[in-house]
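J.: Here you go, sequence then predicted model.
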Amino acid sequence: MSKSISVQNSITPNLGDDANLGFTGATLVSALPCPAVIVWPDGRIISANENAKDLVVMGGGEAGPSLRSDLLPQVRKIAENGSAENWVIRTKKLGLPGVVTMSYSLTGVSIPLPGKAAPVVLIFGADNGLEQNLKRALIASRAFYQDLANCSSDFAWSTDHRGIFTFINQRGVAGYRADAMHGGVAAKLVSPRTTPQQAESVFKTRSPVSEVEIWLKGADGDHHCFMMSAVPVFDDDGEWTGARGIGRNVTEVRAREAELLRARRSEKLINTVLRVMRSEVDPQQMLATAAAAVIDVVGMSSCWIFQRKFGELFKGQSASILNIVPRASLDMKNAPDSDVMRAMVESSLQSNDATVSVLKKNGWSFLIAKTRYGGQLNGALCFVRKIDDEEETNHQKPDWDPFDHSLIKSVADQLSVAIAQSEHQENLKILSQTDGLTGLLNRRAFIPEANRRLAHHARKNRKAAFLFIDLDNFKNINDTDGHARGDEILCAVAELIKKSSRESDLAARFGGDEFVIWLEEVDDAIATLKANDLIVGCQDIIGVIKDAPGHHSNTPHSGEMSFENLGMSIGIAIYEPGTGESMDNLICRADQALYEAKKDGKGGYRIAKAASPDGTAQDESSQKDQRGSAV
């Protein structure tokens, strides 16, 4: 067997005739919990327990085990004097984490034997090194743990039951020094991005947690993201006393992930805008769809799209509100109205030349992006967000981050084309509906709108009037003074009609020297006053043009006759609700009245006969003629 053989089984050769002594000694030492051995004065072992291995040398062959040589002097002294001795020995042995020094406090006692000249010696002792080694191991283990924690780039910590830091590695965290944080409340370090419940689940955890995302607010005001793992700490009685854990800083990882996500969102949004611009024919629908996509990506309440008016420079106060894209799921209480929005845009246009600017009002934040096409400002996109964060309200942090600015600027660059298309379409619409010379509506645009208004008056049971205007002897102007002079007169008459019409009235040039006016909610008395004013106003215009410097006749036969005979005749038709009269019939009645006015000498007006109940004109014999001339 090896040297680890039981000491108890190796002492038999030393007993000789004293087997009873060996049995008694074995019984004695086996009952002792400490290292114990009974020996003869020469060091031969009578009995030893298992704990006495460090006091015994295992011999080879028949020699058997014997007492360590460094103990023999004390044994002989004790045997000779018959006294007790105390002393300390040290020994080294292989253990963890290497060679371990063991220390024993030994006591030797001489035991006389009847009938024997020499006594036996009992040696027993206590292992002093066990407690010391345990203390050293604990200290070394704690130092080992702290060294690892201090060398680590991660955030190592421990807290007590109140959530107060009791340990933080030397590196500190989020720009704070470890000594400054020691004794501080962990919850105060947490960023608003992390809820109190999430923070407590880590710093005051009652069960192990792993990889919990916690945001901390740094000394520089920035937000830092840590992946936290923690375990609870219990005392000897099983009572929870706190937690300890470690956090891995993943702020840069999250920043890269966020940047990648923003790039993907930006790419997706721009692709959506481009797809909408290619697929949508109507520019306004195109803008609405694109703006809705931006709202969803950036997280806004609404988007207002402004476009310059036809033929004007872009100004916020006079800009057309092309589209409003609200986000129906958000509460728009106290949201700005159109006048406020125009004022915000106007302020942005006047304050700076930046493409994107931010303004705040009444708990709302506005990001205004100007759009340019062909080097000219042609509109603006105004995105609206509700300010909910207290830090945003107090201007402690921006409510629109750089990504929002960059994204919306890119969108504005794309939508500037759509706004230009909308403007171009509006221009075409205006050109198709407007007389190019006078700026009044043309016949094609007038008829549908007049029909709509007539139907409205029929439903509301309200009267209206239709004036059919024709210039008297206008052909002579073109023949004698030229078409330029004729155009000048036509434009002057158009301006007279515009100035004398209310905003609710509808005027148009029907063609040549013919004009028409739809008068909202008037009777024949008001209609005749309007006709009289127009006729008088026309004579004033003729006088101004005739007396203008540089006016002369290009034709020797014209003289002043063309202007002296120039005038205006008007036919008036009154719409009576309940007759079911159509617009075509109303125009025919006014045209017939105009014919009668010209036949009676021109330069006056004539009110048409009333329509019959079936919507047609009554017979001439059944109506009273009403004729008037300018006074």
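T.: Cool, got the structure. Numbering: from 1, shown residues only.
J.: what's near enough to touch the spatially closest residue to residue 172 that is not a sequence neighbour?
T.: Leaving aside its chain neighbours, residue 172 sits nearest to residue 178 (4.5 Å; criterion: Cβ to Cβ, 6 or more residues apart in numbering). Placement of C-beta: from N, CA and C, glycine included. By Cβ atoms under 8 Å, 6 or more residues apart in numbering, the contact list for residue 178 reads 168, 169, 170, 171, 172.
J.: One more pass at 10 Å, please.
T.: Taking Cβ atoms under 10 Å, 6 or more residues apart in numbering as the criterion, residue 178 is in contact with 150, 156, 157, 165, 167, 168, 169, 170, 171, 172.
J.: Name the pair among the residues you listed with the greatest separation in space.
T.: Greatest spatial distance among the contacts of residue 178 (Cβ to Cβ): 150 and 165, at 15.2 Å.
J.: Who has more neighbours out of those two?
T.: residue 165 (20 against 12; other Cβ atoms under 10 Å).
J.: Tabulate the contacts of residue 178 (JSON lines), appending distance to residue 578 and pLDDT.
T.: Below are those laid out as JSON lines (distance: Cβ to Cβ, whole Å; pLDDT from 0 to 100):
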{"residue": "150", "distance to residue 578": "98", "pLDDT": "60"}
{"residue": "156", "distance to residue 578": "92", "pLDDT": "86"}
{"residue": "157", "distance to residue 578": "88", "pLDDT": "88"}
{"residue": "165", "distance to residue 578": "89", "pLDDT": "92"}
{"residue": "167", "distance to residue 578": "94", "pLDDT": "87"}
{"residue": "168", "distance to residue 578": "91", "pLDDT": "86"}
{"residue": "169", "distance to residue 578": "93", "pLDDT": "82"}
{"residue": "170", "distance to residue 578": "96", "pLDDT": "77"}
{"residue": "171", "distance to residue 578": "92", "pLDDT": "78"}
{"residue": "172", "distance to residue 578": "89", "pLDDT": "81"}
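J.: quick one: which of these is most hemmed in?
T.: Neighbour max across the contacts of residue 178 (other Cβ under 10 Å) = residue 157, 26 neighbours.
J.: domains of this protein?
T.: As recorded under automatic domain parsing, the domains making up the chain are 8-127, 152-249, 282-424, 443-629.
J.: quick one on the thing from earlier: just put the contacts of residue 178 in a markdown table and tack on distance to residue 186 and secondary structure.
T.: What follows is the contacts of residue 178, written out as a markdown table (distance: Cβ to Cβ, whole Å; DSSP: H, G, I helix; E, B strand; the rest coil):
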| residue | distance to residue 186 | secondary structure |
| --- | --- | --- |
| 150 | 19 | helix |
| 156 | 13 | strand |
| 157 | 8 | strand |
| 165 | 6 | strand |
| 167 | 12 | strand |
| 168 | 10 | strand |
| 169 | 14 | coil |
| 170 | 18 | coil |
| 171 | 17 | coil |
| 172 | 14 | coil |
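J.: what ranges do the strands span in the stretch 201-350 of the chain?
T.: 209-217, 223-234, 240-249, 302-307, 320-326 (DSSP state E, counting those that start in this stretch).
J.: Would you mark the buried spots in the second one?
T.: Right, the one you point to is strand 223-234. Neighbour counts over strand 223-234 (16 or more other Cβ atoms under 10 Å) mark 223, 224, 225, 226, 227, 228, 229, 230, 232, 233 as buried.
J.: Looking at these, which one is closest to residue 384?
T.: residue 223 (25.7 Å).
J.: is it true that the closest one touches residue 174?
T.: Yes - at 8.8 Å, residue 223 and residue 174 qualify as touching, with contact defined as Cβ atoms under 10 Å.
J.: which neighbours do the two share?
T.: With Cβ under 10 Å, 6+ apart, residue 223 and residue 174 have common neighbours 191, 215, 216, 217, 251.
J.: now, the most widely separated pair of these?
T.: Top of the distance list for those (Cβ to Cβ): 217 and 251, 11.9 Å.
J.: quick one, which of these two is more surrounded?
T.: More crowded of residue 217 and residue 251, by other Cβ under 10 Å: residue 217, with 19 against 16.
J.: Now do the same contact list for that one.
T.: Applying Cβ under 10 Å, 6+ apart, the residues near residue 217 are 174, 175, 176, 188, 189, 190, 191, 192, 193, 194, 223, 224.
J.: possible to save the residues you listed as a markdown table with distance to residue 257, pLDDT and secondary structure?
T.: A markdown table is the format used below for the contacts of residue 217 (distance: Cβ to Cβ, whole Å; pLDDT from 0 to 100; DSSP: H, G, I helix; E, B strand; the rest coil):
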| residue | distance to residue 257 | pLDDT | secondary structure |
| --- | --- | --- | --- |
| 174 | 19 | 84 | coil |
| 175 | 22 | 85 | coil |
| 176 | 25 | 88 | strand |
| 188 | 27 | 90 | helix |
| 189 | 23 | 90 | helix |
| 190 | 21 | 91 | strand |
| 191 | 17 | 90 | coil |
| 192 | 20 | 89 | coil |
| 193 | 15 | 88 | coil |
| 194 | 17 | 91 | coil |
| 223 | 14 | 90 | strand |
| 224 | 15 | 91 | strand |
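J.: Go through this structure and flag its longest helix.
T.: Secondary structure of the chain per DSSP state H: the longest helix is helix 402-433.
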